[in-house]
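*Asks:* Could you work out the structure for the sequence below:
(2 chains)
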There are 2 protein chains.
Amino acid sequence: MAQILSGKEVASAINAGVKAEAAGLRERGIVPKLAIIRVGEREDDISYERGAIKRCGSVGVEVKSIVLPSDTSQDELISVIHDVNNDSGIHGVLLFRPLPKHIDDNAVRRALLPEKDVDGITDGSMAGIYAGEDIGFPPCTPQACMEILDHYGIDVKGKRAVVIGRSLVVGKPAAMMLLKRHATVTICHTRTVDLPSVAREAEILIVSAGKAGIIGADYLNENQIVIDVGINVNEDGKLCGDVDFKSAEPVVKAITPVPGGVGTVTTSVLAKHVVKAAARSIEDI
Amino acid sequence: MAQILSGKEVASAINAGVKAEAAGLRERGIVPKLAIIRVGEREDDISYERGAIKRCGSVGVEVKSIVLPSDTSQDELISVIHDVNNDSGIHGVLLFRPLPKHIDDNAVRRALLPEKDVDGITDGSMAGIYAGEDIGFPPCTPQACMEILDHYGIDVKGKRAVVIGRSLVVGKPAAMMLLKRHATVTICHTRTVDLPSVAREAEILIVSAGKAGIIGADYLNENQIVIDVGINVNEDGKLCGDVDFKSAEPVVKAITPVPGGVGTVTTSVLAKHVVKAAARSIEDI
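*Replies:* Just a heads-up that it's a prediction; the model follows:
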C-alpha cells in the first residue's frame, strides 16, 4: 500500500502561505493581480481559468480576465500583451496556449515581460530554469511537482530521478528542477528504448507521457515515489492519470492520485507566483 | 582496441566547409569577422585566443582582438560590448570568462546581442539550447562533441547517453543536444551516488568532470562511445583528459584522445559559428 501524496493537502499549505503574504502586500498598498489572457473558447482553458479565478480569489489575488475572439490577429494579441506589460497594477500574466495557428507563438511569448511571466513561457524564464537561476518563473506544473516532493519531505539529493516526457511545459523544466536539487536525472521520451527498464531505475518517477494509464506495474518497483502529471479522460468518462493507479498503488512507495494530485496544486502555484511577482515589483523600486 | 575518434580529422572536415562558405560570403562582399574580448592576462585565455586566431585565419574569418586590463570596470566592459554589438562588420563575439570578480557576469552576458553570441553565453542562446530551437548559438565545446559524433556517423537516437558534469558550458548543453537527437539522457554530477554504475549504463558517455583521469575501467564497458571533454595537466606535466585513456582504450568501442580530441575541434566550431552568424546577418536584411 503506497503512501498517497495528496495534492489537496499540498495546495492547502501553499494557499495558507500565499494568503498571508498577499495580506501583507495589501497592507503595504499592493493588491497582487493576475491577468489571464485567453484567445478563443477552448473548454480546457475555460475550465482552468474558472479554477484559477476561484483559487486566486480565495487567497487575495485579483484576476483580470481578458478574452479575445479566436480570429484575433497576432498584432492585436501583442498589443494586449504590451498593455499588461505597461500596467503596473498587473503583476503576473497567464496566457493560454496553444494559440490559434495563424499566430506565431514565439513572437507572442517574446512580447511578454519575463518578470510578469508567472507560467515560465518566455526565453528569460526558460534561461532561468535551464541555468538554475532565479530569472522569471518556472511553469506552474513542474513547480507543483516540486511542491509535492517538498511538502512531504522527500529529499531527491543523490536519488535516481526519471522524467518521462521532454516538453517545455513539464518534462524539461522538471528535469532541470530535479537536477538543481542534486538528483541524478534521466529524461525519457517516445524514442526511448525499453522504457519500462529505464523507469524501474527511478527512485523518483515523474510521468508526463500524455497517455491514459500507460505506466503499469512493469515500470515500477517498491522503492519509488511516483508523481503522475497526466490528466486524461478514460473510457468511462472519468479523469485518470498516465499511471495505471490500480496497478501502481500496491507496488510503489508513494504516489499522487489523479484527480487530487498534481493538477490540484497548479493553481496554488500560479497564485504563489503572482504574489512573488508583486513582492518583487516593490523590491525593484 | 577502441576506435580512435580523431579531433584533427573532424576539425579538418569542418574547416573545409567553413572555408568554402566564408569564401562565398566574401564574394558577396561580407568578410566574416570575430571579436575576441579578453579581460586580463590569464594563460589559458591567451593560449585559446592564439589557437582561435590561427584557425580563423586559415578559414577566411577575420579576428579583432580586444584586450582590456584586469582592472577594467564593469561599465567599461559593457561599453565595449555595446560597440561590438553596433559594429555591423563584426558578426560574432567570444568573451573570455570567468571575468574578474568585481564584474557582474550576468550583467555583462546580457549586454551581448544573442545573434553575435557565437559561444552560447546569453539568455537567448541558453533558451535556444534548452528549447531545442535555433536561437543564438550553442557553446562551442558541446557542439564539438556533437560534431565528432556526427562526423563518425554515430547515431544517438534511442541510445542511452550519460553526461558527467552539469555546467552551462558543457554538461547541460550537451545533455540538451543529445536529447534533441533523441537519446535517452542521464545527467550525473558530484552528488551522484555510485557514479561508476550509472556511467556503465551509457552507450554514449560524455565526460566533463574536470578531474584528471578519474574515469577508469569500472565506469566503462565494451559497447561505449566515450567523448572526453577534460583537459588537464597530469603529474608529468602532460595534457590528459578526465578519462584514464590507458585503462579505457582497451575496453570501450570508441574514444576521443586528449590531446587530439574535443579540444582540437572547438576553434573550428567557433569559426563555423562566426560564418553562420555572418550568413544570418545578410538573411535578415
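
*Asks:* What residues sit buried inside the one helix or strand residue A:142 maps to?
*Replies:* Take DSSP states H and E as the rule and residue A:142 turns out to sit in helix A:140-151. In terms of neighbour count (16 or more other C-beta atoms under 10 Å in any protein chain shown), helix A:140-151 has its buried residues at A:140-149, A:151. Just so you know, the C-beta spots here come from the backbone N, C-alpha and C atoms, and that holds for glycine as well.

*Asks:* which one of those sits closest to chain B?
*Replies:* residue A:142 (13.2 Å; C-beta to the nearest C-beta).

*Asks:* Output the contacting helices and strands for the helix holding residue A:142.
*Replies:* Helices and strands touching helix A:140-151, as assessed by 3 or more C-beta pairs under 8 Å, 6 or more residues apart in numbering or on different chains; DSSP states H and E, comprise helix A:7-27, helix A:171-180, strand A:225-228, helix A:262-283.

*Asks:* immediately after the first one, which helix or strand?
*Replies:* What it means is helix A:7-27. Tracing the chain past helix A:7-27, the next element assigned as helix or strand by DSSP H and E is strand A:33-39.

*Asks:* In terms of pLDDT, where does residue A:264 sit?
*Replies:* Residue-level confidence at residue A:264 comes out at 96, pLDDT.

*Asks:* That one: neighbouring residues, count only.
*Replies:* Residue neighbour count, defined by other C-beta atoms under 10 Å in any protein chain shown, stands at 23 for residue A:264.

*Asks:* quick revisit: kindly export the helix holding residue A:142 (C-alpha atoms) in PDB.
*Replies:* Extracted as PDB, the C-alpha positions of helix A:140-151 are listed here (Å, rounded to 0.1, in the frame of the first residue of the first chain):
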ATOM      1  CA  CYS A 140       3.400  26.000 -12.700                       C
ATOM      2  CA  THR A 141       3.000  22.300 -13.400                       C
ATOM      3  CA  PRO A 142       6.600  21.100 -12.700                       C
ATOM      4  CA  GLN A 143       6.800  23.600  -9.800                       C
ATOM      5  CA  ALA A 144       3.700  21.800  -8.500                       C
ATOM      6  CA  CYS A 145       5.600  18.500  -8.700                       C
ATOM      7  CA  MET A 146       8.400  20.000  -6.600                       C
ATOM      8  CA  GLU A 147       6.000  21.500  -4.100                       C
ATOM      9  CA  ILE A 148       4.600  18.000  -3.600                       C
ATOM     10  CA  LEU A 149       8.000  16.500  -3.000                       C
ATOM     11  CA  ASP A 150       9.000  19.300  -0.700                       C
ATOM     12  CA  HIS A 151       5.700  19.200   1.300                       C
END
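
*Asks:* what's the next secondary structure element after that helix?
*Replies:* strand A:160-164.

*Asks:* So chain A: which segments form each domain?
*Replies:* Recorded structural domains for chain A (assignment: automatic domain parsing) are A:29-113, A:140-263.

*Asks:* what about the longest one, how long is it end to end?
*Replies:* So that's domain A:140-263. Taking C-alpha to C-alpha, to the nearest Å, the first and last residues of domain A:140-263 lie 10 Å apart.

*Asks:* next one: stretch A:151-171
*Replies:* End-to-end span of stretch A:151-171 (C-alpha to C-alpha): 21 Å.

*Asks:* pLDDT averaged over it, what's the number?
*Replies:* So the average pLDDT for stretch A:151-171 ends up being 98.

*Asks:* How about stretch A:246-261?
*Replies:* pLDDT averaged over stretch A:246-261 gives 97.

*Asks:* tell me how far the ends of that stretch are from each other?
*Replies:* Length of stretch A:246-261, first residue to last, C-alpha to C-alpha: 15 Å.

*Asks:* How far away from the center of its chain is it?
*Replies:* Once both centres are worked out by C-alpha atoms, centre = their mean, to the nearest Å, stretch A:246-261 turns out to sit 19 Å from its chain's centre.

*Asks:* Quick one: residues in contact with it.
*Replies:* Applying C-beta atoms under 8 Å, 6 or more residues apart in numbering or on different chains, the contact partners of stretch A:246-261 are A:1-8, A:148, A:152, A:154, A:215-217, A:220-228, A:230-231, A:239-241, A:243, A:245, A:262.

*Asks:* Many thanks, we can stop here.
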